[in-house]
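Asks: My questions concern the predicted model and sequence given below.
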Amino acid sequence: MVKTGKIICEQAEIPVTLGLAGLICYFVFSSAASAWKEQLHGVDPDVDFRLINDECTITSIKHEENLVKKYHPGQSPAVTWTCYDVYVYHGEVQGNAFTAAPEVIPRCSVSCALRSQKPSSYAEQQRVDCWSPAKRPVDTNTYDCGDETCIQIFSPDAQVAEKMYNIKVLKIGANIGLIVFVVCLVATAWIVRRVLRDQPSQRLMEEAEQ
């Protein structure tokens, strides 16, 4: 019986490990998706903001490069670098100054020196549409604000749509993890059944040899 258990452990090690990893991914991604979905409950950009047509002027733009290092345990490569162009817009609307949330544009991998700077969406002295909060306080977990005015020069709808897309990606990841768990569970059950079925035959062969 001890030998049978050892055989099962050896042959089922890979599917059991993968199955546990899939189950963990399912719970992690599902929890994250549920938290984001709860965060977006009741969010409506058309209600939260009002459009100010062509009344915002970009007075100045500050640019900086941001090289971000990311770790990927258990993957190859384990570390990656991504260069981003970050633009901070200062503007004016109806005589009031504001700073919009930064625009972050991916430039390239590895090093900022490998590629030219990506252009900003707007230019100085350009008049653009903007959005002002229709109610306060602003939900800063959903909307990006550059200062206390929270004037938006990019559509608030796009920010919500991006988060909804991320929720869908998390749900897909959770479903994949669940599928991996179920497949590995079936594979483990098949291995156990096969080993138990073959053990009597193996025992008879060993007795015959003796």
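Replies: Now that the structure is in, tell me what you want to look at.

Asks: Compute the distance between the residue nearest the centre of the chain and Ile24, please.
Replies: Closest to where the C-alpha atoms of the chain average out (CA atoms, centre = their mean) is Asn166, at 5.9 Å. Counting by CB to CB, to the nearest Å, the gap from Asn166 to Ile24 is 20 Å. Where C-beta positions appear, they are placed from N, C-alpha and C, glycine not excepted.

Asks: before we move on, what about Met164?
Replies: From Met164 to Ile24 the distance is 25 Å (CB to CB).

Asks: Please apply the same query to Ala158.
Replies: 32 Å.

Asks: contacting residues for Asp157?
Replies: Residues in contact with Asp157, defined by CB atoms under 8 Å, 6 or more residues apart in numbering, are Pro45, Asp46.

Asks: Surely it is within a helix?
Replies: Yes. Assessed by DSSP: H, G, I helix; E, B strand; the rest coil, Asp157 belongs to a helix.

Asks: A helix includes Pro15, no?
Replies: Yes. Pro15 sits within a helix when classified using three-state DSSP.

Asks: I'd guessed it sits against Val180; true?
Replies: No. Checked against CB atoms under 8 Å, the pair Pro15 and Val180 is beyond contact range at 9.6 Å.

Asks: So, low pLDDT: which residues of the protein?
Replies: Applying pLDDT under 70 to the chain flags residues 1-5, 7-8, 199-210.

Asks: What segments of it are helices?
Replies: 2-39, 45-48, 156-209 (DSSP state H).

Asks: quick one: contacts for the nearest residue to Glu64 once chain neighbours are set aside?
Replies: Spatial nearest neighbour of Glu64, excluding adjacent residues (CB to CB, 6 or more residues apart in numbering): Val86 at 5.1 Å. Val86 is in contact with His63, Glu64, Glu65, Asn66, Pro102, Glu103, Val104, Ile105, counting by CB under 8 Å, 6+ apart.

Asks: From those, keep the buried residues only.
Replies: Buried members of these, scored by 16 or more other CB atoms under 10 Å, are Pro102, Glu103.
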